[in-house]
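Asker: Provided below are the primary sequence and the corresponding predicted coordinates.
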Amino acid sequence: MKSAGRVVRFRMPRYVVRTLIAAALAGFSAPAAQAAAPGTGSADTIFVGGAIVTVNPTAPQVRALAVKGGIIVGLGDEKAVREQWTGTTTQVVDLRGGTLMPGFVEPHVHFIGTAMQTLLALDVSNFELPYDTLDTIVAKLTAHLKTLPPGQWLTAFGVDPSRTIPFMAALTADILDKVSTDVPIFVLNQSGHIAYVNHKALDAAGIGRDTPNPPGGGVYVKDARGNLTGEMLELSSYLRFQAKMPVPTRDEIMAVLMRNARNIAATGITTCAEIALGTAFGFDNEIAMLKALEANPAMPLRLRVYLYGPAVPSGYTVRPGDGDDRLRFVGVKFVADGSNQGLTGALNAPYTYPKGTTNRGTLDYAEADLLGQARPFFDQGWQLSIHANGDRAIDQTLAIYGQLLAGNPDPIKRRLRIEHFTITTEAQVDRVKQLGITPGMTIGHVDFWGQPFHDQIIGPERARRIDPTGSLKKRGVHFAFHSDSPVSPFAPLRYISDGVTRRWQTPPRTVLGPDQRITIDDAIRAVTLDAAYQMFVDDKVGSLEVGKWADFVVLAKNPRTTDPKDIVHIKVLETWLSGVKQSF
């Protein structure tokens, strides 16, 4: 690609290779692509009238971009692009001073889980100030109870003791009994790693004080006298409750999945992951749902799917890379520990809350067990993704990846993922570089939980190093930002702002780890090209280059020239997929 100010021209042999690939992927024939050679003036659409941010260092911004058949065919100086690509049917889109960028890429979303928790259950998440209290949470649940039909469970999502007054005030079965003793209640913590139920739900699930903890790290929490508190840890502890809950109809599920997709796309995201397929309605059912969703022309997102390892049934037939441009299966995910703000992430040194605690969190698996589960998928060619929040879980994950990659002359080709990579050491960052691992970080940890981490949960020294983007950048490691939705809201512009400023939410908005701040361009890459790299789709999306898919977001302002603290407030004007403007 030539520098900004000159139109990009195809040249042999790269032109032939890239155009034929693009033609096959976009669904138009090779002859049509060849007919669109320089000078034919046959683009479908040309964008002008605003900054066009390419995320390509050889030409970071241009003034015009041309699209044909859902593929970018030219970009550069407006006059040259117009002369080369304007035909009798070409539509010219005036950005009216807005900024065109690659569509944002979200590499870690519980796509089905977000739809179920935030659109079907009562969403009590609170990412604003002031924090909730137990009384306000109980009031919300009580009000919602009145809207439920007979026979329905009261399900809710988003309670977070680390963002509740008083600090770490948690729901119990006794507290939830104040809402109802007749209706089963199931409330999922904001992290997804903890849940709370009333006594009616415990009875409905057949769980008593003598019920053994389930495998996979699940815990039915008991008090000092051995009585169940109503709190549960990790996914495997929820299964007996989920089995008793009424299941929505297929039509209801499909409707909320589409609504969720539109909500995501409205933030400028065009490619999104389902990071843990099989955890809500079963492996085969969820595959069928996602295939039906992507077959709908109104679906505004591309999906990249990661199977949840423990949920994969024997004899499954899906294989690495199965799918198409809209829906592709790329990886398998495991979970090594819990949530740091929930005090269950596995640490090498104890938490600092409560004072004097010896709690270091919990590993969900012994190393040999997790390695044994992961190896067959690795050997089949799947990309592996392991959730590891605490430094002890990260050590375990690095040890497993080191064994899997032993003897591999080019480990970076496997692009193994660590999810969250929250509480870390410099030695771990070095090892990530050596193994070619691509970490993804819930950068909202800095914003929404930075102050609790620093002041109460892990102390200043470890808190300053959470989400170590500065250290990763120095070593040239590809890293990505994500929401882990529904754990935090999908909001790529907020991720950019958080990555650059690293200010926590509570006044006076202190900078958490100044040496871990990155530039605006670095943060933009973490939600575009490097996020695409993490899902093996960086050759098609994440930057604006000839031959890539025409997936765009149009913003009211240019984030590259906006005060970093104000990037979060930039308005998303439009989202385009394959050169088609999406409507919501």
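Answerer: Yep, that arrived. All values reported here derive from a predicted model rather than from experimental measurement.

Asker: Could you list the domains of this protein?
Answerer: 1-103+542-584, 111-242 (automatic domain parsing).

Asker: going on from the helix or strand bottoming out on mean pLDDT in the chain, what's the next piece of helix or strand?
Answerer: In the chain, no helix or strand scores lower on mean pLDDT, DSSP states H and E than helix 30-35, which sits at a mean of 28. Downstream of helix 30-35, the next assigned helix or strand under DSSP states H and E is strand 45-48.

Asker: tell me what that following strand is packed against?
Answerer: Helices and strands touching strand 45-48, as assessed by 3 or more C-beta pairs under 8 Å, 6 or more residues apart in numbering; DSSP states H and E, comprise strand 64-68, helix 78-85, strand 91-94. C-beta: built from backbone N, CA, C; applies to glycine.

Asker: If we use 10 Å, what do you get?
Answerer: Here strand 45-48 touches strand 64-68, strand 71-76, helix 78-85, strand 91-94, going by 3 or more C-beta pairs under 10 Å, 6 or more residues apart in numbering; DSSP states H and E.

Asker: Quick one: the strands in the stretch 351-500 of the chain, in order.
Answerer: With strands called from DSSP state E, counting those that start in this stretch, the stretch 351-500 of the chain shows them at 383-388, 417-420, 438-442, 480-482.

Asker: Rebuild those strands as JSON lines, extending it with distance to His454.
Answerer: Formatted as JSON lines, the strands of the stretch 351-500 of the chain follow (distance: least, C-beta to C-beta, whole Å):
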{"stretch": "strand 383-388", "distance to His454": "21"}
{"stretch": "strand 417-420", "distance to His454": "18"}
{"stretch": "strand 438-442", "distance to His454": "16"}
{"stretch": "strand 480-482", "distance to His454": "20"}
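
Asker: Format these as TSV; extra columns: mean pLDDT, distance to Trp504 and mean neighbour count.
Answerer: Below are the strands of the stretch 351-500 of the chain laid out as TSV (pLDDT from 0 to 100; distance: least, C-beta to C-beta, whole Å; neighbours: other C-beta atoms under 10 Å):
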stretch	mean pLDDT	distance to Trp504	mean neighbour count
strand 383-388	98	23	26
strand 417-420	98	17	28
strand 438-442	98	14	27
strand 480-482	98	16	28
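
Asker: so where's this structure uncertain?
Answerer: 1-40 (pLDDT under 70).

Asker: how about the nearest residue to Pro248 once chain neighbours are set aside, what does it touch?
Answerer: Once flanking residues are discounted, Pro248 sits nearest to Leu120: 6.3 Å by C-beta to C-beta, 6 or more residues apart in numbering. By C-beta atoms under 10 Å, 6 or more residues apart in numbering, the contact list for Leu120 reads Thr155, Phe157, Pro248, Glu252, Ile253, Ala255, Val256.

Asker: Which of those fall within helices?
Answerer: Among the contacts of Leu120, DSSP state H puts Glu252, Ile253, Ala255, Val256 in helices.

Asker: who's in contact with the second one?
Answerer: With C-beta under 10 Å, 6+ apart as the criterion, the residues that contact Ile253 are Ile112, Ala115, Met116, Leu120, Val247, Ala280, Phe281, Asn285, Glu286, Met289, Ala292, Leu293.

Asker: PyMOL command for the buried members of the residues you listed?
Answerer: To isolate the buried members of those in PyMOL, using 16 or more other C-beta atoms under 10 Å:
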select buried, resi 112+115+116+280+281+286+289+293
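
Asker: Dump the contacts of Ile253 to CSV, plus distance to His445.
Answerer: Compiled in CSV, those are given as follows (distance: C-beta to C-beta, whole Å):
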residue, distance to His445
Ile112, 23
Ala115, 23
Met116, 23
Leu120, 26
Val247, 33
Ala280, 25
Phe281, 29
Asn285, 32
Glu286, 28
Met289, 30
Ala292, 34
Leu293, 30
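
Asker: Of the contacts of Ile253, which belong to strands?
Answerer: Taking DSSP state E, every one of those sits outside strands.

Asker: Mark which of the contacts of Ile253 are part of helices, please.
Answerer: Those of those lying in helices (DSSP H): Ile112, Ala115, Asn285, Glu286, Met289, Ala292, Leu293.

Asker: Find the nearest non-adjacent residue to Pro102, please.
Answerer: In space, and not counting its chain neighbours, Pro102 is closest to Thr528: 4.8 Å by C-beta to C-beta, 6+ apart.
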